[in-house]
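Enquirer: The sequence and its predicted three-dimensional model are supplied below.
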Amino acid sequence: MNHCPNYDSHGCNFTCPAGSFWSVCPQPTRFIGCCAQDPCENGCPLGSLHPASFSNALYDIISPNVCPDDNSSWYTCNFTTPTFLGCCVNGSKPCSPGGCPSGSLRPAAWIAQPPGGFSNQYSIFLDGGPTASSAVPTTLATASTTSANSATTLRNPSSTGNKSSEDGVGDGLSRSDKIALGIGLGIGIPSALAAIITCFMQISRR
C-alpha cells in the first residue's frame, strides 16, 4: 500500500507543495498539475497554480504535453532539485537552478495523442489512481501505460536531462529546422514561379 501525502499522486510519482494537490482532469480541461482548488471544471487560476515535480524514473515516458497559453512551453526538467514538469513562460529557463520563476508558471494539459511513440499520458499521470472509465477519451481507454524499465526503447533522454516543446521536442522539427525550412520555402517557391513564368512567355512568343 502506498503512503503518499494527500496532495501527491496515488503512486507517489508526482508531488505537489503543501497547499495544493495533484490533479489529472478528463476532458474538457485535461488539466494536469498542482492546484489549490478543483481545476477539472473551469481550470486552475494562476493564483492557485503551484509547481509540480515527478519521479526521475518516469522521465523517459513523459511526452511534451500541451500548454493552452501560447506564450508558454512544456518542460520536463530531470536534473533540477526538485524536478519540474509543466508549462512555464517562454524564455524563463525553468530547467535552470531555481525552476520556473514565480509568476511564470502556466496551466498544463495532457496531450491526447502523444508523438514519437510515447505511451498513454493520461494513464501515466493518473499514477494508478481511480478514474471513471466514462471520463477517459475513447482513443485512450484501451492504451496501456509503459513501464519505466522499458522507457528507453521509446526515447533516449537528452544530454541535459530536459525536454521542452519550446525547443521543438515532440513535434518532429527543431526550431533551427523550422527556420531553415521557412528560408528554403521563401527562396525556392518564388524562384520556381519565376522560371515557370519565363518559360510560359517564351512559348507564347513562338
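Expert: Yep, that arrived.

Enquirer: Test my guess that residue 14 contacts residue 5.
Expert: No - with contact defined as Cβ atoms under 8 Å, residue 14 does not count as touching residue 5 (11.3 Å). The C-beta positions use only the backbone N, C-alpha and C, and glycine is treated the same way.

Enquirer: ok, these two, which is more surrounded?
Expert: residue 14 (28 against 12; other Cβ atoms under 10 Å).

Enquirer: OK, contacts around the more buried one?
Expert: 8, 22, 52-55, 125, 127 (Cβ atoms under 8 Å, 6 or more residues apart in numbering).

Enquirer: try residue 44
Expert: If a contact means Cβ under 8 Å, 6+ apart, then residue 44 has 23, 31, 33, 35-37, 107 as its contacts.

Enquirer: quick one: average pLDDT of stretch 95-106?
Expert: Mean per-residue pLDDT for stretch 95-106: 93.

Enquirer: Give me the contact list for that stretch.
Expert: For stretch 95-106, contacts defined as Cβ under 8 Å, 6+ apart pick out 46, 49-51, 67-69, 71-72, 75, 77, 79-80, 82, 84, 86-89, 92, 94, 160, 162, 164.

Enquirer: per-domain residue ranges of the protein.
Expert: Following the assignment in automatic domain parsing, the chain carries domains at 14-171, 173-206.

Enquirer: Between those domains, which has the poorest mean confidence score?
Expert: Among the domains of the chain, domain 173-206 scores lowest, at a mean of 44.

Enquirer: Can you get me a residue count around the closest residue to residue 17 other than its chain neighbours?
Expert: Here the nearest residue to residue 17 in space, its sequence neighbours aside, is residue 50; by Cβ to Cβ, 6 or more residues apart in numbering that works out to 5.0 Å. Counted with other Cβ under 10 Å, the neighbours of residue 50 add up to 19.

Enquirer: Would you confirm that residue 67 contacts residue 74?
Expert: Yes - look at residue 67 against residue 74 with Cβ under 8 Å: they come within range, at 5.4 Å.

Enquirer: Verify the stated contact: residue 118 with residue 63.
Expert: Yes - with contacts counted by Cβ under 8 Å, residue 118 reaches residue 63, the gap being 3.7 Å.
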